[in-house]
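[1] sharing a model prediction with you, sequence too.
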Amino acid sequence: MATKRKSKGAYMISSVAEMYEIHPQTLRLYEREGLLRPSRSEGNTRLYTDEDLERLEFILNLARDLGVNIAGIAIVLQMRERMEEMNRQMQGFVDYVRTEMLSRMQQQQDPGSGLVPMRRPMVVPVKVVSVKTASVKTVLVKTAKVGKKK
């Protein structure tokens, strides 16, 4: 059906009905049911944009190909809008995480900023398993100094 669409612009109801081989009353019904929301001219003529036509194609696909009734179409359209909103929110979150990661990576590359350097060597208890005696001992291991001494 996308091949029937003209270039950018607004279409009157008779043109849309002819393009999609539907009765103009069908378009009015879709508008009454809230499935389509065409804009209006100053003379109150319905004007369908390219976005309206995309939505109409989706509606017609549901109705003709899948046999979905008007109530079902309304539910599918609501779910679709919610999914698009969730997708936008998710993309915003991903962008935030990406920006935050890049910021932290840049801070780590600059040794003078970011983490507070440690002044004392860190002592970490490590368990050592002896195979000969099958015993476990805890040994304190001194790690190398981290950070710069002032």
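    Right, received. Where do you want to start?
[2] return the list of helices and strands in contact with the helix or strand harbouring Ala17.
    Taking DSSP states H and E as the criterion, the element that holds Ala17 is helix 13-20. Contacts defined by 3 or more C-beta pairs under 8 Å, 6 or more residues apart in numbering; DSSP states H and E place helix 13-20 against helix 24-32, helix 50-60. Glycine gets a C-beta too; all of them are placed from N, C-alpha and C.
[3] tell me where the chain is predicted with low confidence.
    1-8, 111-122, 127-150 (pLDDT under 70).
[4] report the central residue of it.
    Asn87 (2.1 Å; C-alpha atoms, centre = their mean).
[5] against which helices or strands is the helix or strand encompassing that residue packed?
    Assigned by DSSP H and E, Asn87 belongs to helix 70-109. Here helix 70-109 touches helix 50-60, going by 3+ C-beta pairs under 8 Å, 6+ apart.
[6] any idea how far the helix it packs on is from the middle of the chain?
    22 Å (C-alpha atoms, centre = their mean, to the nearest Å).
[7] if we can go back for a sec, okay, the angle between the helix holding Asn87 and helix 50-60?
    120 degrees (axes from the mean of the first three to the mean of the last three C-alpha atoms, to 10 degrees).
[8] pull out the buried positions in stretch 23-42.
    By neighbour count on 16 or more other C-beta atoms under 10 Å, the buried set for stretch 23-42 is Thr26, Leu27, Tyr30, Glu31, Leu35, Leu36, Pro38.
[9] cool, and stretch 54-74?
    Arg55, Leu56, Phe58, Ile59, Leu60, Leu62, Ala63, Val68, Ile70, Ile73, Ala74.
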